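>>> what's the 3D shape of this:
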Amino acid sequence: MSDDIDERPVWDATLAESVVGKVVLVGLTYLEADGRLIEQQQFFGTVVSADSRKGILLSLKGQRAGEQFSLPPDTRAIDIAPAGEYRLRGTREVVTDPDYTVIFSIAKQVDGKA
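Numbering: from 1, shown residues only. Okay, the predicted model is just below:
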């Protein structure tokens, strides 16, 4: 995978297919329009499906087990996770050797829309 996210295609069908059934650690950062931090979330789950229109559907694990979460149809944020233990800030849960990480920043627009 390229280190420069702008050089990656928005939807890589081969990568999308390869993540199905894999454990993904997700980090979401919510920002004000001026860049100030609103909130950060971390969670993990198994990829149920990956569709170029519907996005990437996760079946969440840990404290959010039983929930589902849809990520946008953008594979540029998916990276292979280095082996190791990852402690989630909010819940203190430890995720051992996830397959992939996904990080998104979501900024509000100037008119207040997210």
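>>> what's near enough to touch the residue nearest to Q109 when sequence neighbours are not counted?
Nearest residue to Q109 in three dimensions, chain neighbours excluded: A33, at 6.1 Å (Cβ to Cβ, 6 or more residues apart in numbering). Any C-beta I mention is one placed from the backbone N, CA and C, and that applies to glycine too. For A33, the residues meeting the contact criterion (Cβ atoms under 8 Å, 6 or more residues apart in numbering) are A107, K108, Q109, V110, G112.
>>> can you redo those as JSON lines with neighbour count?
Rendered in JSON lines, the data for the contacts of A33 read as follows (neighbours: other Cβ atoms under 10 Å):
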{"residue": "A107", "neighbour count": "15"}
{"residue": "K108", "neighbour count": "15"}
{"residue": "Q109", "neighbour count": "8"}
{"residue": "V110", "neighbour count": "9"}
{"residue": "G112", "neighbour count": "8"}
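>>> In strands only, show me the residues you listed.
Where the contacts of A33 overlap with strands, as defined by DSSP state E, the overlap consists of A107.
>>> Most widely separated two among the contacts of A33?
Spatially, the most separated pair among these is A107 and G112, at 11.6 Å (Cβ to Cβ).
>>> ok so, going back, can you tell me which of the contacts of A33 lies nearest to E7?
Within the contacts of A33, distances to E7 taken as Cβ to Cβ reach their minimum at A107, with 21.7 Å.
>>> Which neighbouring elements make contact with the lengthiest strand in the chain?
Longest strand in the chain, counting residues (DSSP E): strand 37-51. Applying 3 or more Cβ pairs under 8 Å, 6 or more residues apart in numbering; DSSP states H and E, we find strand 37-51 packed against helix 13-19, strand 23-31, strand 55-60, strand 68-71.
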